[in-house]
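sequence and predicted structure are below.
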Amino acid sequence: MDSERLHEQFMERIRRGEKIEATDWMPDDYRKLLLKFIQMHGVSEIMGAFPEKEWVPKAPTLRRKLGIMSKVQDEMGHGQLLLRVAEELGAPLGVTREQLITDIFTGRTKFHNVFHMASPTWADAGVIGWLVDGAAIVSQAALLDTSYAPYARVLKRICAEESFHMQHGESIILSLAEGTQAQRQMLQDALNRWWDSLIFFFGPPEISESARRMMEYRIREKTNEELRQKFLSRYVPRIRSLGLTVPDPNLHFDESTGKWVYTQPDWEKFGRMVRDNTGPKSQERIALRRQAHEGQAWVREAMTRSTAVPVGV
Amino acid sequence: MQLKEAEGLYHPYEVFVQYDHLAHHQHVGSVLAASPDIALQLARENFLRRDKAVNIWVVRKDHIHATPYDVPEFFANEFDKDYRRVDGYADNARRWKAFKQKALHIEDIVNDLEKGG
Amino acid sequence: MVMENVQAVISNPEVLTALKDLLYQLADDDLVIGHRASEWLGLAPEIEEDVAFSSISQDEVGHAVFYYNLLAELGEDVADKLAFERSPHARRNAVMLERENGDWAHTIVRHWFYDSFEDLRLQALETSAYVPLRQGAVKIRREEFYHNLHHDLWFRRLIRAGGEARHRMEAAIAQLWSDVPSLFDLGPHADMLRESGILPVTSVELQKAWRDKVAGVMRELDVQVPTQWCDASDGRRRHTDALSELLQTMGEVYFIDKAAVW
């Protein structure tokens, strides 16, 4: 069968809402778009562990210590699930774990803007857990019906774990909001630091060429702007109910359009930061990941050389 | 898929069924067969006479590595680790109430997105 | 003598003091090793191991919480205060556990050494005369099963791999060896602990059992067993700057406002 015909049949499957498996025929374009997307998702989980990880040793109670440890552990676990999906998807192209990870150092893959930013206080850990995770949950939940079945399956598991993350993040910020004046100020300061990054997180409002193709393939179905609007609807009232001020004087809900109006973040600045890894913490965190990976190649090499020991001896 | 003839012996194959594309493969039992292609065909009628499915895996039993049943300690989780579960944060609902808000759950977000727009 | 609960022990000041001292050893050991283990989060040599190893660090901190809660029941402060507020010189963890993390080989050797010790200590505590501790020891030892299995696998495989891995493992063994006796410092009330049946074992017995096990495995792997063995008597008292720094880091947020709810 010629590839044009195969392509047409594939698109018919997509239009009928069928799910694509790793072993199915798929256009190169679909495979590559998806691979890039899932790799960025997986890598973002792994790089996303760092800003919160900084607060693991400093968590202010034993219970918080346990909670944040297990939360960051989940992020690594999500990275693992996603990288495995990417590895199988990319196998026909010779893609391996090694490559997916080293792409971070060479800049061939990107990670979300929020994970390039500094998290200087405990309240930042709270805001990451509450709002950055909230934003991530909105965008991940929007992918649950993605056309690529292996991705959809791990997203289901990821979202189930995210429901703990939501409560964990809220628990931290509730304590700060219920707390002393200094704690509340710490929370407000963190919100001020993260707001622009949160708005940028969903990406620019215009639909890029690759986003258009991904929507055609039903890899994703919602636009950046739709997701941002959902996020604002859910979270702005909550932020305000805590007595916090959203650091955007223009932010309001326009009844006539049914949409939130917000000040545009500096798209160019954030875009450059993600593209060139020039955020305040980009290089430091990439260096950590590089050290973990390259600096410990000897461990992985040794483990493949050594013979197995059965469980239970 | 690479199919190898068994060497004069029937082998047990463990059967894993994927009931729909959003589900992972699930172990349902095993069949005895002379080769994996036969095992796949046998699995269909031995395990899927009534149910719908989209995929079957068979894996030769001796290719499966397992934990021993007589070492239950392998799964020991003796202390309540509710800090890693939603119910460990049940008081969030009450605390939000003090701020005149309801607790938010992931189902709310999923519903938002299903509503479209 | 069986001490069913707090009431049974609280009337005997000598036993109470000894029991508290032991509980501080147990709690501080697990808190410090759990904290050090958690520093690997995001940095383990494989993503899969990152997840597995984090559960081990969570277990250790969870066990520390259990012991601190026993102390709180005996009239000491609440667990958070015990974990965050005590000064470095009041800590009773073995000095080996507070050392800064080295490479992965150092971490595996330290955990394997500690697991081997902890298993013996827990085994003794499974018959402790203090029932709440005995019951906890049974539960903790069940969770430690996986730790032992995991670190044992890493220990053996990294050594068997030869080359750089074996070299690093041997270097870690050499580096950590002189700290090992610190584990066996059972504190100034060791005799009372044994007589009362709270910890029905002596340091010498523990040392012998540990050396038999560890040396056995090392010989099996053709690794030289160091011969020197230092005095254990102050291994839980002569803390290093590494512990002060660890506690300072741990308390950074807590000490912004000790009275606040976080």
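Arrived safely. Residues are numbered from 1 along each chain as shown, chains lettered A, B, ... in the order given.

let me know the pLDDT of the closest residue in space to B:L32 that isn't next to it in sequence.
Nearest non-adjacent residue to B:L32, counting by CB to CB, 6 or more residues apart in numbering or on different chains: B:Y10, 4.8 Å away. C-betas here are computed from N, CA, C, even on glycine. pLDDT for B:Y10: 90.

ditto for the one 4 residues further on
Note for B:E14: predicted pLDDT of 96.

from the chain's centre, how far out does the host helix or strand of it sit?
Using DSSP states H and E, B:E14 sits in strand B:11-18. How far strand B:11-18 lies from its chain's middle: 14 Å, per CA atoms, centre = their mean, to the nearest Å.

up against chain B, what does chain C have?
Selection of chain C residues close to chain B by CB under 8 Å from any CB of the partner chain yields C:Q58, C:D59, C:G62, C:H63, C:F66, C:K139, C:I140, C:R142, C:E143, C:F145, C:Y146, C:L149.

nearest spatial neighbour of the third one, skipping sequence neighbours?
By that I understand C:G62. Using CB to CB, 6+ apart and skipping the chain neighbours, the partner closest in space to C:G62 is B:F79 (5.0 Å).

that neighbour should be in a helix, yeah?
No - the assignment for B:F79 is coil, going by DSSP: H, G, I helix; E, B strand; the rest coil, so no helix is present there.

quick one: contacts for it?
Neighbour list for B:F79: C:D59, C:G62, C:H63, C:F66, C:K139, C:E143 [criterion: CB atoms under 8 Å, 6 or more residues apart in numbering or on different chains].

ditto for C:W262
A:P60, A:T61, A:R64, A:W122, A:S175, A:L176, A:G179, C:V253, C:Y254.

is any residue of stretch B:33-41 near chain A?
No - using CB under 8 Å from any CB, stretch B:33-41 never reaches chain A; the gap is at least 13.9 Å.

picking up where we left off before, do you know the pLDDT at the residue nearest to C:G62?
pLDDT recorded at B:F79 is 93.

how near is it to C:Y146?
13 Å (CB to CB, to the nearest Å).

could you do A:V138 as well?
From A:V138 to C:Y146 the distance is 36 Å (CB to CB).

who has more neighbours, the two?
The neighbour comparison of A:V138 against C:Y146 (other CB atoms under 10 Å in any protein chain shown) goes to A:V138, with 26 against 19.

with adjacent residues omitted, what lies nearest to that one?
A:V138 sits nearest to A:F231 (CB to CB, 6+ apart), 4.8 Å away.

for B:H105, same thing?
Going by CB to CB, 6+ apart, B:H105 has A:S163 as its nearest residue, at 6.6 Å.

show me where the stretch 1-150 of chain A has its helices.
With DSSP state H, counting those that start in this stretch as the criterion, the stretch 1-150 of chain A has helices at A:3-15, A:28-53, A:62-90, A:97-106, A:122-127, A:133-141, A:149-178.

buried deepest among the ones you listed, which one?
Among these, helix A:122-127 has the highest mean neighbour count (mean count of other CB atoms under 10 Å in any protein chain shown), at a mean of 28.

which non-adjacent residue is nearest the residue positioned nearest the centre of chain C?
Chain C has C:D29 as the residue nearest its centroid, 3.4 Å off, counting by CA atoms, centre = their mean. Excluding the flanking residues, the one nearest C:D29 by CB to CB, 6+ apart is C:N93, at 4.9 Å.

give the helix, strand or coil label for that neighbour.
Under three-state DSSP, C:N93 falls in the coil class.

run a quick neighbour tally on it.
C:N93 is flanked by 26 other residues according to other CB under 10 Å.

the residues of chain C next to chain B in helices, which ones?
The helices, defined by DSSP state H, take in C:Q58, C:D59, C:G62, C:H63, C:F66, C:K139, C:I140, C:R142, C:E143, C:F145, C:Y146, C:L149 from the residues of chain C next to chain B.

what's the closest of those residues to A:I104?
C:Q58 (26.5 Å; CB to CB).

tell me the contacts of the closest residue to that closest one other than its chain neighbours?
Leaving aside its sequence neighbours, C:Q58 sits nearest to A:M69 (CB to CB, 6+ apart; 5.3 Å). By CB under 8 Å, 6+ apart, the contact list for A:M69 reads A:V56, A:A59, C:S38, C:L41, C:S54, C:S57, C:Q58, C:V61.
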